[in-house]
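> pasting the structure only:
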Ligand SMILES: Cc1cc2nc3c(=O)[nH]c(=O)nc-3n(C[C@H](O)[C@H](O)[C@H](O)COP(=O)(O)O)c2cc1C
């Protein structure tokens, strides 16, 4: 698979088959992904992978906690800037509306929207969870490095016929994730990721999100 094909075929998969992913494939992906660049070669990422019984136990614990704490535990960082402004606000709104319209859930049906969002906490049915954390003394530059590592994983997954969904939704369960994974005290959770084989028949996976035109985000100078 060409890199461009991996990039083009990567989407946020929101319905997975329960087909297991063998350990050697996950190891191969992580071994290859670690070639991601990082400023000063700090390699400031940490990833914890769960599958099988530990994953089932963890997801069941979260399901139970959701009953008494539907909004989770708060967050350790702002998932979005406060008062998100345009064009970002409209883009966020549009991708949500496009997803729910594919699923046939109207705006007024808040309970159905909440139920679909809650599928984040069942990993959309994926058999593998990855949790990315970072030393809290690290700065913006190192957070960008973790993003590059994550993107490598998402593209390498495509090369193996797998799909992913990055999931910052886990930020609201940061305490429970840290506790279950026994993260070192100096580490904080950034993001989760679901990994597995896509359920091709699921409407949620038909979403093809839009992107801005090149001229909106790129300035090219000095070419003939
Ligand atoms: C860091 C990060 C966190 C994300 N968190 C979530 C999430 O919690 N739940 C979800 O359904 N999608 C999540 N997404 C997916 C984005 O909504 C998605 O990437 C965006 O709408 C573009 O769509 P595409 O990935 O299908 O191209 C996340 C993506 C990134 C990069």
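All right, it came through fine. Fair warning: this is a prediction, and the values are worked out from it, not measured in the lab.
> what strands line up against the lengthiest strand in the chain, and which way round?
With secondary structure taken from DSSP state E, the chain has its longest strand at strand 187-196. Neighbouring strands of strand 187-196 in its sheet, by DSSP bridges, are strand 128-135 (antiparallel), strand 163-167 (antiparallel).
> I'd like to know which elements the helix or strand hosting residue 61 is packed against.
When elements are defined using DSSP states H and E, residue 61 is found to belong to helix 52-68. Helix 52-68 is packed against strand 128-135, helix 174-181, with contacts defined by 3 or more CB pairs under 8 Å, 6 or more residues apart in numbering; DSSP states H and E. All C-beta spots, glycine's among them, are computed from the backbone N, C-alpha and C.
> re earlier: so which of the strands paired with strand 187-196 is the most packed in?
Mean neighbour count (mean count of other CB atoms under 10 Å) peaks for strand 163-167 among the strands paired with strand 187-196, with a mean of 24.
> show me how far it is from its chain's centre.
Here strand 163-167 shows a centroid-to-chain-centroid distance of 4 Å under the convention CA atoms, centre = their mean, to the nearest Å.
> can you pull up the most central residue in this protein?
Closest residue to the average C-alpha location of the chain: residue 166 at 1.0 Å, with CA atoms, centre = their mean.
> check that residue and give its pLDDT.
Looking at residue 166, its pLDDT is 98.
> and it, how far from residue 130?
To residue 130, residue 166 is 9 Å away according to CB to CB, to the nearest Å.
> identify the contacts common to the two.
Residues touching both residue 166 and residue 130 (CB atoms under 8 Å, 6 or more residues apart in numbering) are 192-193.
> next to the ligand, which bits of this structure? Give me the list.
By the rule CB under 6 Å from any ligand atom, the part of the chain lying against the ligand is 11-12, 14, 95, 120, 165-169, 191, 209.
> make it 8 Å
Where proximity means CB under 8 Å from any ligand atom, the interface of the chain facing the ligand comprises 10-12, 14, 79, 95, 99, 117, 120, 124, 147, 150, 165-170, 190-192, 207-209.
> and the residue of this structure that's closest to the ligand?
residue 169 (3.2 Å; CB to the nearest ligand atom).
> look up the closest residue to that residue, ignoring the ones flanking it.
Leaving aside its chain neighbours, residue 169 sits nearest to residue 120 (3.8 Å; criterion: CB to CB, 6 or more residues apart in numbering).
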